[in-house]
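Student: no sequence on this one, just coordinates:
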């Protein structure tokens, strides 16, 4: 069947944004539930903080699966195209999330409950490991170089969009249900809702065309690489290291601000969960708007300067974040979350274009996905786990502040050492002579 004519960039952006919002809704919903109810439903025999630690351990398992998803989806995405793999990732993520909403708890089936929960979390992580790279690439490869930072930042806005949606649903349920009702069956509602959202996402994603840059590379580059991931590490290994380092502070800060804050506020600051969810809700809304603004700024100033602002900002803001939460004042907590997320957006906004401009087309899906998701294991996946462990061990937020600041230092070094990529022609990257010289 002949490929459709290129889809207008606005429709491509809309399809990617809606799809990533749904996938991140599924992924973040688990994180919020891990902080609020999974410790009681699936690990009821542990004390509160230990139960939360175990719940976050299953949360971290999803991050372990993400590099595997990156390799598998990257391989086929570089060989078959971006669009097909985006559809598959959405089905996998939505199906796993829906099934979590159907799971029996520890009270019903004992130890099998957390095992099933962990298995479905692995499927979520596998799907998201392939989703992110495809979503940002299909926009980057449709848009023009002059505005790539702006256009490619919109799929990134799907992360706060999904978190906004997940938090909003949980906040509504927390407002209209008692704690007992929410713990009994209310927590299942947002997971089951994922089924309807996935149908919407599929309808939109099936209507767009394949990336024209990928089509051109497939037509002109001769035989397809048997193993794109091998070529990534042969020709772009420094770029993979850059991506890992760049993701470090971005991942750690985000999951501390949006997931760990729920644990800290409820367990340490003794605040109501609905109170904190509303603060995260407001912060996520501002975050959603700020990401494309930072992406557009990177088209003017460059990817590196904007990214460095964000990394330095979250490292410093960590020392104000927890004292503001400790006040118990809603305005102060909202300020803490919102400023933290805006600074995070300075990294997350330019990130899609920055990473896309590092790799050649025939290995771009693999390179972008693997570079980003390898960082997710030690950064995003372990961030809430490490933060809870530090709080439990020291009874203070200071070690968590130092942890976020340390992550910021790693990202500052990685991005400062990288070369500027703004305005790079993605097709030029495919020239044979550039494939072995892009690391100079």
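Tutor: Received it, and whenever you're ready, just let me know what you need. What you see is a predicted model, and the numbers here were worked out from it, not measured in a lab.

Student: which ones are touching residue 397?
Tutor: 264, 268, 322, 326, 391 (CB atoms under 8 Å, 6 or more residues apart in numbering). In this view, the C-beta of every residue, glycine as well, is placed from N, C-alpha and C.

Student: quick check: the fourth one touching residue 270?
Tutor: Same thing as residue 326. No. At 10.3 Å, residue 326 and residue 270 do not qualify as touching, with contact defined as CB atoms under 8 Å.

Student: the two - which one has more neighbours?
Tutor: Regarding residue 326 and residue 270, a neighbour count based on other CB atoms under 10 Å identifies residue 326 as having more, with 17 against 8.

Student: where in the stretch 151-300 of the chain is pLDDT low?
Tutor: 221-225 (pLDDT under 70).

Student: quick one, helices of it?
Tutor: If you assign secondary structure with DSSP state H, counting those that start in this stretch, the helices in the stretch 151-300 of the chain sit at 158-176, 179-181, 188-205, 212-220, 228-235, 237-255, 261-263, 273-301.

Student: please identify the buried residues of the fourth one?
Tutor: Of the residues in helix 212-220, those scored as buried under the neighbour-count criterion (16 or more other CB atoms under 10 Å) are 213, 214, 215, 217, 218.

Student: and the residues you listed as a markdown table, adding distance to residue 366?
Tutor: Supplementary listing: these in a markdown table, determined by distance: CB to CB, whole Å:
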| residue | distance to residue 366 |
| --- | --- |
| 213 | 15 |
| 214 | 13 |
| 215 | 18 |
| 217 | 13 |
| 218 | 15 |
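
Student: so which of those residues would you say is closest to residue 289?
Tutor: The shortest distance between residue 289 and any of the buried residues of helix 212-220, using CB to CB, involves residue 213 and amounts to 28.5 Å.

Student: skipping adjacent residues, who's closest to that closest one in space?
Tutor: The shortest distance from residue 213 to any residue other than its chain neighbours is 3.7 Å, reached at residue 141 (CB to CB, 6 or more residues apart in numbering).

Student: for the one you found, grab phi and psi.
Tutor: Comment: the main-chain dihedrals of residue 141 come out as phi -80, psi -10, following degrees, to the nearest 10.

Student: which helix runs longest in this protein?
Tutor: Secondary structure assigned by DSSP state H gives helix 48-80 as the longest helix of the chain.

Student: need the contact list for the residue most central in space within the chain.
Tutor: Residue closest to the mean C-alpha point of the chain, counted by CA atoms, centre = their mean, is residue 159 at 5.8 Å. Residue 159 is in contact with 20, 24, 28, 254, 348, counting by CB under 8 Å, 6+ apart.

Student: mind checking how far it is from residue 352?
Tutor: For residue 159, the distance to residue 352 equals 11 Å [CB to CB, to the nearest Å].

Student: and residue 136, by the same measure?
Tutor: With distances taken as CB to CB, residue 136 is found 4 Å from residue 352.

Student: name the residues contacting each of the two.
Tutor: The overlap between the contact sets of residue 136 and residue 352 (CB under 8 Å, 6+ apart) consists of 152, 155, 156.

Student: residue 362: which of those residues is nearest?
Tutor: Nearest to residue 362, judged by CB to CB, of the shared contacts of residue 136 and residue 352 is residue 152 at 19.2 Å.

Student: hang on, that closest one packs against residue 142?
Tutor: No. With the criterion set as CB under 8 Å, residue 152 and residue 142 do not qualify as a contacting pair; they are 9.5 Å apart.

Student: looking at those two, which one has more neighbours?
Tutor: Neighbours were tallied for residue 152 and for residue 142 using other CB under 10 Å; the higher tally belongs to residue 152 (33 against 26).

Student: residues contacting the nearest residue in space to that one that is not next to it in sequence?
Tutor: Nearest-residue entry for residue 152: residue 352, 3.8 Å, with adjacent residues in sequence omitted and distances by CB to CB, 6+ apart. With contacts taken as CB under 8 Å, 6+ apart, residue 352 has the following neighbours: 136, 139, 140, 152, 153, 155, 156, 295.

Student: what's the distance between residue 352 and residue 162?
Tutor: From residue 352 over to residue 162 (counting by CB to CB), the distance is 16 Å.

Student: do you know how far the residue nearest to the centre of the chain is from residue 342?
Tutor: 14 Å.

Student: and residue 8, its phi and psi?
Tutor: Per-residue torsions, residue 8: phi -50, psi 150 (degrees, to the nearest 10).

Student: got a pLDDT number for it?
Tutor: In the prediction, the pLDDT value recorded for residue 8 is 80.

Student: residue 63 versus that one, what's the distance?
Tutor: For residue 8, the distance to residue 63 under the criterion CB to CB works out to 35 Å.

Student: before we move on, what about residue 99?
Tutor: The gap separating residue 99 from residue 63 is 19 Å, by CB to CB.

Student: neighbour count winner among the two?
Tutor: Taking other CB under 10 Å, residue 99 and residue 63 do not tie; residue 63 has more neighbours (27 against 18).

Student: OK, contacts around the residue nearest to the more buried one when sequence neighbours are not counted?
Tutor: What sits nearest to residue 63 in space, not counting adjacent residues and going by CB to CB, 6+ apart, is residue 381, at 2.5 Å. With contacts taken as CB under 8 Å, 6+ apart, residue 381 has the following neighbours: 59, 60, 61, 62, 63, 64, 66.

Student: coming back round to it: could you identify the helix or strand that succeeds the longest helix of the chain?
Tutor: Reading on from helix 48-80 to the C-terminus, the next helix or strand found by DSSP states H and E is helix 82-100.

Student: what's the average pLDDT for that next one?
Tutor: Average pLDDT, helix 82-100: 88.

Student: which helices and strands does it pack with?
Tutor: Contacts defined by 3 or more CB pairs under 8 Å, 6 or more residues apart in numbering; DSSP states H and E place helix 82-100 against helix 9-36, helix 48-80, helix 112-140, helix 188-205.

Student: now stretch 325-336, how far from the chain's geometric center?
Tutor: Stretch 325-336 sits 25 Å away from the centroid of its parent chain (CA atoms, centre = their mean, to the nearest Å).

Student: and the end-to-end length of it?
Tutor: 7 Å (CA to CA, to the nearest Å).

Student: which parts of that stretch are buried?
Tutor: 325, 326, 332, 333, 334, 335, 336.

Student: quick one, the helix or strand containing the first one and helix 237-255 angle?
Tutor: Here residue 325, judged by DSSP H and E, is contained in helix 303-326. With axes from the mean of the first three to the mean of the last three CA atoms, to 10 degrees as the criterion, the two stretches helix 303-326 and helix 237-255 enclose an angle of 20 degrees.

Student: just checking, what packs against helix 303-326?
Tutor: Secondary structure elements in contact with helix 303-326, counted by 3+ CB pairs under 8 Å, 6+ apart, are helix 237-255, helix 273-301, helix 330-356, helix 398-417.

Student: quick one, the last one and helix 303-326 angle?
Tutor: With the same axes, to 10 degrees as the basis, helix 398-417 and helix 303-326 are set at 170 degrees to each other.
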